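> build me a structure from this.
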Amino acid sequence: MKMKTLSQQHQNCLNACFSCAQICEACADDMIGMEHHDHSDLMTRCIRLCRDCADICVLAAKFISRSSLRAESLCRLCAEICDECAEVCKRHAPHHALCGPCAEECRRCADLCREMVVTAAPAA
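All right, here's what the predicted structure looks like:
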């Protein structure tokens, strides 16, 4: 049985998705139980988005790795959620050390997901 090899672009996107999922999980987990004072609503939103982002990134990576016909659609949604998570983490970064690196990783993942979607789109 011959295994299908992923393109370098697919592999880069898959790796970014797993990396993003890992830092989002760590970021959310580290915030749980943290003192929140004046920014509790932002922190709560950040935790929820990090968890959503981690889940969609893992799912996108799985779809990419098996060359699913729905990988493009899922990558489009993954980019959207990563962008939203990055924005909230960026706003919460002054209050939490992992939010800055998390926002950067979310942006990188979103960019690679978008590149994959654009490349996969049929020519008009």
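> now do the helix or strand hosting residue 27: which elements does it pack against?
Using DSSP states H and E, residue 27 maps to helix 8-31. Helices and strands touching helix 8-31, by 3 or more C-beta pairs under 8 Å, 6 or more residues apart in numbering; DSSP states H and E, are helix 40-65, helix 71-92, helix 99-120. (Each C-beta comes from the backbone N, C-alpha and C, glycine too.)
> between these, which one is nearest to residue 25?
Closest to residue 25 of the helices and strands packed on helix 8-31, according to C-beta to C-beta: helix 40-65, at 4.7 Å.
> centre of the chain versus the closest one, how much separation?
Computed by C-alpha atoms, centre = their mean, to the nearest Å, the separation of helix 40-65 from the middle of its chain amounts to 6 Å.
> what angle do it and helix 71-92 make?
Helix 40-65 and helix 71-92 meet at an angle of 150 degrees, taking axes from the mean of the first three to the mean of the last three C-alpha atoms, to 10 degrees as the criterion.
> next, count neighbours for the closest residue to residue 32 other than its chain neighbours.
Leaving aside its sequence neighbours, residue 32 sits nearest to residue 47 (C-beta to C-beta, 6 or more residues apart in numbering; 6.7 Å). For residue 47, the count of nearby residues is 21 (other C-beta atoms under 10 Å).
> and for the one 3 residues further on?
The local packing count at residue 50 equals 29, with neighbours defined by other C-beta under 10 Å.
> repeat for residue 61
Per other C-beta under 10 Å, the neighbour tally for residue 61 reads 24.
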